[in-house]
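S.K.: need a structure here:
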Amino acid sequence: MEETAAGIEAAGGKALAVPTDVTDQGSVGKMVERVLEEFGRIDLLLNDASSFNAIGPVREVDPQESWGDVTTTLFGSFLCARAVLPHMIEHGSGKIVNMSGGV
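M.R.: Below is the predicted model:
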């Protein structure tokens, strides 16, 4: 994350790396607060946090591990969108892009 932020800044952009547990509403809230402190607004949310620990035949995958993947990928996206929407609505604009991928 720090390397990506440094690359963005080296190319002339502004970046802020904020380690966040996207499955924790409080952590997501703190991340949004930090971004607003730094930039003053949020115009784009790119939800790309995913977990792919439960890979394999269903009969072999641990159910709790699978649920962890769902929690990170889906619930994390929900919490992040929910946290930024009030700011986007207040400014009358904003985009949310949801991505998910795996190996």
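S.K.: use CA for all of it now, contacts and neighbours both
M.R.: OK.
S.K.: contacting residues around the residue of the chain most remote from its centre?
M.R.: Centroid-distance maximum for the chain: R59 at 30.0 Å, with C-alpha atoms, centre = their mean. Neighbour list for R59: empty [criterion: C-alpha atoms under 8 Å, 6 or more residues apart in numbering].
S.K.: could you measure it against S66, distance?
M.R.: 12 Å (C-alpha to C-alpha, to the nearest Å).
S.K.: Can you classify the residue farthest from the centre of the chain by secondary structure?
M.R.: Local secondary structure at R59 is given as coil here, using DSSP: H, G, I helix; E, B strand; the rest coil.
S.K.: Got phi/psi on it?
M.R.: phi -70, psi -20 (degrees, to the nearest 10).
S.K.: right, and T72 touches V22 too?
M.R.: Yes. Using C-alpha atoms under 8 Å, T72 is in contact with V22, at 6.7 Å.
S.K.: pLDDT score for Q64?
M.R.: pLDDT for Q64: 93.
S.K.: Report how many residues lie close to it.
M.R.: Applying other C-alpha atoms under 10 Å, we find 10 other residues in the vicinity of Q64.
S.K.: And for the one 10 residues further on?
M.R.: Look at L74: counted by other C-alpha under 10 Å, it has 19 neighbours.
S.K.: Is C80 in contact with V22, as I believe?
M.R.: Yes. Using C-alpha under 8 Å, C80 makes contact with V22 at a distance of 7.0 Å.
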